[in-house]
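>>> After the sequence you'll find the predicted model.
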Amino acid sequence: MKKIEAIIRPLRLEAVKTALAESGVTGITVSDVRGSGRQGGHSSSAFRGEEYIIQLPPKIKLEIVVPEADVEAVVTVLMDQARTGEEGDGKIFVLSALDAIRVRTGETGDSIL
């Protein structure tokens, strides 16, 4: 099993969700996050009476766990649907998932995906 974490632009979420559903992905966790990479965030600071504003652009974090055989297809969908061609499109991380357990039944492994 592999866990895929993707940080994408909020405006691309619906297209990504639709394409993932069409490709057979049945489980996804979505979180609103903020952050910046190479494009940097907007930040200004102040001390003792000066303005202090730190702005990090809003992003969406997707977490998907899939069998190892499906990783390439899911990453391809994410790349195709999340890309705008501009800085700040995001990142995709592929991590090993050692095990998964369904809380309700106690089942483990790939069968719960």
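That came through, no problem.
>>> just checking, what packs against the longest helix seen in the chain?
Ranked by residue count under DSSP state H, the longest helix found in the chain is helix 71-82. When contacts are defined as 3 or more CB pairs under 8 Å, 6 or more residues apart in numbering; DSSP states H and E, helix 71-82 sits against strand 2-8, helix 13-22, strand 58-66, strand 90-96. Just so you know, the C-beta spots here come from the backbone N, C-alpha and C atoms, and that holds for glycine as well.
>>> Please render the ones you listed as JSON lines that adds mean neighbour count and mean pLDDT to the earlier fields.
JSON lines is the format used below for the helices and strands packed on helix 71-82 (neighbours: other CB atoms under 10 Å; pLDDT from 0 to 100):
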{"stretch": "strand 2-8", "mean neighbour count": "20", "mean pLDDT": "98"}
{"stretch": "helix 13-22", "mean neighbour count": "15", "mean pLDDT": "97"}
{"stretch": "strand 58-66", "mean neighbour count": "19", "mean pLDDT": "96"}
{"stretch": "strand 90-96", "mean neighbour count": "13", "mean pLDDT": "97"}
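>>> Format those as CSV; extra columns: distance to Ser36.
Output for these, formatted as CSV (distance: least, CB to CB, whole Å):
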stretch, distance to Ser36
strand 2-8, 10
helix 13-22, 18
strand 58-66, 9
strand 90-96, 11
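>>> Which among these is found nearest to Arg34?
Of all the helices and strands packed on helix 71-82, strand 58-66 sits nearest to Arg34, with 5.6 Å by CB to CB.
>>> List of residues touching the closest one?
1-10, 12-13, 16, 20, 25, 27-35, 74, 78, 90, 97, 100, 113 (CB atoms under 8 Å, 6 or more residues apart in numbering).
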